[in-house]
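Engineer: any chance you could fold what I've pasted below:
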Amino acid sequence: MRPRAALSLACCTLIIPLGVARFVPRSNTHPHAAVAAVAATKPRLFPLLTWIRDGVVELVFGSPSSKASSNPANHLPIDLTSKYVGQVVLRFNITTPEEETAFADAASRLLLDVWTFNHDYVDVRLRYDDIATLRSVLPKSLRFSYSTLIPDLARAISDTYPVTTTPTQIQRLSDDHDSLQSSRSGSDNVFFQDYQPLSVIVPWMRLMEAMFPSTTQLTVIVTGGMHAREWISATTTNYVAWSFITTFGKEPMISKLLEHFDFIFIPVVNPDGFEYTWKVDRLWRKSRQSTGTQWCRGFDLDHAFGFEWNSLDLDNDPCSESYGGKQPWEAREAIALAQWAKNASQDTTEFIGLIDLHSYSQQVLFPFAYSCDVDPPNVENLEELAAGLAKAIRLSDGESYSVTSACEGAVASLDRQPSGRRIESGGGSAIDWFYHKVHAHYSYQIKLRDTGSYGFLLPKDNIVPVGEEIFDAMKYFGDYLLGNNGIEKSTGFTSQSAELKRLRR
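Structural biologist: Reported below is the predicted structural model:
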C-alpha cells in the first residue's frame, strides 16, 4: 500500500498528472491539446512542501466568494444569440417504434437538431416558423403530440454565460496558515459559481501539476466536454477532481479509494468545439475539424471511435449533428485519446473504468451502445453498479437517474430489439471502445441534469448540486470496486476484496 495516493487531472486530451510528469510534444490539433505520460515520483513529500501544497489548494479552490475578486464579464459576443432568435425546443412524445422511425426520418430530412431522447420522448430544436413543416411530414399520431420546453431559446442561451469571470492568476500563499479554509464548500468556491471557458480551465488544471505525487496502477478515467455544448459535463469533471483533492486525508473512504486507484480527469475532450461555444455558437455540438464539406464542419466524437463503427445507421452527411465521419478514426481528438490509452495500457497502466459525462436526460448508460443484440460478458455487474450509481445520486440530492443499456432507442421495448431507424445510432462510441479495446470493463456514460426544462442550457446554480451528485456516485463507484458494494463506512483499511484482486490480475 502506498504512503500517499495518486490523483491525476487532465484537460482536453491533455493528461496533467498531479505531480512530476514528462510531457509528450504538443499535438497540432489545438494549442492546448497533447498527451502526457505519468512518471513515478517520490513516495512522500516533505512536511513543509505538504503544508504549502495543501495551503495552495485550499486558497485556490476554497476561497470564499467575498474574498475573490471578480471583473465584469465580456464573454458574450454581440451576435452570439441572434441566430437563435425565434427558435424553440419542443418535446415530442414517442410511443411506438414506428413513430420513432418516422421522427428519425423527418429529423434527417429537415436537418433538425435532436437534443436528446429518452424512453418515450424526443427533444428537438427548430425555428418556431418551421413547426408546421415538421408536423406536415410526421404521422398523424405525432402532429399534436408535443409540448414546448424552451419558448425563447435566445434568452435561455444568454442566461448561461457568466456575469463575472474567475481570476486566472493564482493567489499567493498567505503567511498566516490559520487563514486557510479547512472545509470543502463548493458553493463558496469562485470557480464553481459560473461556467468557465477553456482559458480558465487550462491554468486551473496546470496549477495541480507540481503539487501531487503520481504513480501508475489501476486507473479510472473521467471525461467531460466530448460534445461542446454540454458545459455541465466539463464543470462537473472539474468539480469531482477538486472534491477528491480537498477530501483526501479527511474522508477515510476517499483516502482508501486513492490508495488503490488512480483517477484521470479530462474535463474537455473536444477543446476546439468547446471554445467555439464560448466565442461563436453556444449550441455547437461537434468538433471543429474540416470534413471536406466547406459549410459543414466537425465530427461527433462519440461516433468517431473505431469499434463497431460500421453499425452506424446514419445518412453519410457531414451536416448531421451525429456525423462520425466517412470512416472510423477521422476525428483527431478521438485518435489522440485512444492512442494515449492504448500506449498507456501497453505500458503499466491497467484501465478498469471510464465515466464519460454528458448532458442531458439524467441517465446512467452501460455498454454496448452499438447494438442490443450483444451483451457484455459482465452485463449483470454493469447493471448492478449502474443501479448503485443512480441510487447514490438519488440519496445525494433526490434526483432520479434512469438506468439502461446505451443501445436503447427512444422507445423502450421488452425484448430490447429496436426496429426500424433509430433517432441516433450508438456505433463508434467511447464507452464501447474503452470497454472492448483497453478492457475498461466498468465503463459508463452518465447523462447529467436536467430532464428537459433547460436542456443544454442548465443554469449555473446547478453546478454545485450536480457536482455533489456525481462526486457521491464516484465514491460509490470506487467503493463497489473495492468489494464493499457501496456501503463501506469503516475508518480502517480492510483487506483487498476478491473484485480488487481480480482487477489486478
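
Engineer: just the buried residues of stretch 291-299, please?
Structural biologist: 291, 297-299 (16 or more other Cβ atoms under 10 Å). All C-beta spots, glycine's among them, are computed from the backbone N, C-alpha and C.

Engineer: apologies, that question was intended for stretch 456-466.
Structural biologist: 456-458, 460, 462-466.

Engineer: so of those, which ones are in helices?
Structural biologist: Judged by DSSP state H, helices contain the following of those: 463-466.

Engineer: what about the helices in the stretch 101-250 of the chain?
Structural biologist: Shown for the stretch 101-250 of the chain, the helices assigned by DSSP state H, counting those that start in this stretch span residues 131-136, 140-143, 153-160, 198-206, 231-247.

Engineer: which of the ones you listed comes out lowest on mean pLDDT?
Structural biologist: Here the lowest mean pLDDT among the helices of the stretch 101-250 of the chain goes to helix 198-206, at a mean of 89.

Engineer: CA atoms only: put that one into CSV for me.
Structural biologist: C-alpha atoms of helix 198-206 as CSV (Å, rounded to 0.1, in the frame of the first residue of the first chain):
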residue,chain,number,x,y,z
LEU,A,198,-11.1,27.0,-21.7
SER,A,199,-8.8,29.9,-21.0
VAL,A,200,-9.7,29.5,-17.3
ILE,A,201,-9.9,25.7,-17.2
VAL,A,202,-6.4,25.1,-18.6
PRO,A,203,-4.4,27.1,-16.0
TRP,A,204,-6.8,25.8,-13.3
MET,A,205,-5.7,22.2,-14.2
ARG,A,206,-2.0,23.1,-14.7
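
Engineer: in it, what counts as buried?
Structural biologist: For helix 198-206, a neighbour-count test (16+ other Cβ under 10 Å) marks 198, 200-202, 204-205 as buried.

Engineer: so which strand or helix has Ser255?
Structural biologist: helix 252-260 (DSSP states H and E).

Engineer: list the strands paired with whichever helix or strand comes after that helix, with their directions.
Structural biologist: Next along the chain after helix 252-260, taking DSSP H and E as the criterion, comes strand 262-266. Using DSSP bridges, strand 262-266 pairs in its sheet with strand 8-11 (parallel), strand 218-223 (parallel).

Engineer: if we can go back for a sec, the buried residues of stretch 291-299 into TSV, with extra columns for distance to Gly249?
Structural biologist: Output for these, formatted as TSV (distance: Cβ to Cβ, whole Å):
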residue	distance to Gly249
Thr291	48
Arg297	46
Gly298	43
Phe299	42
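
Engineer: circling back: from the helices of the stretch 101-250 of the chain, which stretch is densest packed?
Structural biologist: Most buried of those, by mean neighbour count (mean count of other Cβ atoms under 10 Å): helix 231-247, with a mean of 26.

Engineer: check the buried residues of stretch 291-299 and tell me the two furthest apart.
Structural biologist: With distances taken as Cβ to Cβ, the most widely separated pair in those is Arg297 and Phe299, at 8.8 Å.

Engineer: what is in contact with the two at once?
Structural biologist: Residues touching both Arg297 and Phe299 by Cβ atoms under 8 Å, 6 or more residues apart in numbering: 286-287, 289, 291.

Engineer: lowest pLDDT pick from the residues you listed?
Structural biologist: Within the set of the shared contacts of Arg297 and Phe299, pLDDT is lowest for Thr291 (95).

Engineer: nearest spatial neighbour of that one, chain-adjacent residues omitted?
Structural biologist: Pro318 (4.0 Å; Cβ to Cβ, 6 or more residues apart in numbering).

Engineer: run a quick neighbour tally on the one you found.
Structural biologist: 19 (other Cβ atoms under 10 Å).

Engineer: same question, Ala369
Structural biologist: Using other Cβ under 10 Å, Ala369 has 29 neighbouring residues.

Engineer: pLDDT score assigned to it?
Structural biologist: If you check Ala369, the pLDDT there is 94.

Engineer: the one 4 residues further on now?
Structural biologist: pLDDT recorded at Asp373 is 91.

Engineer: next one: Ser255
Structural biologist: pLDDT, Ser255: 91.

Engineer: can you tell me the SS state at Leu365?
Structural biologist: Secondary structure state of Leu365, per DSSP: H, G, I helix; E, B strand; the rest coil, is strand.

Engineer: what sits against the spatially closest residue to it that is not a sequence neighbour?
Structural biologist: Excluding the flanking residues, the one nearest Leu365 by Cβ to Cβ, 6+ apart is Ala406, at 3.9 Å. For Ala406, the contacting residues are 365-369, 426, 429, 431-432, 445, by Cβ under 8 Å, 6+ apart.

Engineer: may I ask which of those residues has the most neighbours?
Structural biologist: Per-residue neighbour counts (other Cβ under 10 Å) across the contacts of Ala406 peak at Ser429, which has 32 neighbours.

Engineer: quick one: contacts for the closest residue in space to it that isn't next to it in sequence?
Structural biologist: Spatially, and ignoring its direct neighbours in sequence, Ser429 is nearest to Ala369 (4.0 Å; Cβ to Cβ, 6+ apart). Residues near Ala369 by Cβ under 8 Å, 6+ apart: 405-407, 426-427, 429, 431-432, 445.

Engineer: likewise Leu257?
Structural biologist: Per Cβ under 8 Å, 6+ apart, neighbours of Leu257: 5, 475, 478-479, 482.

Engineer: with neighbour count and secondary structure as added columns, please give those in CSV.
Structural biologist: Below are the contacts of Leu257 laid out as CSV (neighbours: other Cβ atoms under 10 Å; DSSP: H, G, I helix; E, B strand; the rest coil):
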residue, neighbour count, secondary structure
Ala5, 23, coil
Lys475, 22, helix
Gly478, 23, helix
Asp479, 20, helix
Leu482, 23, coil
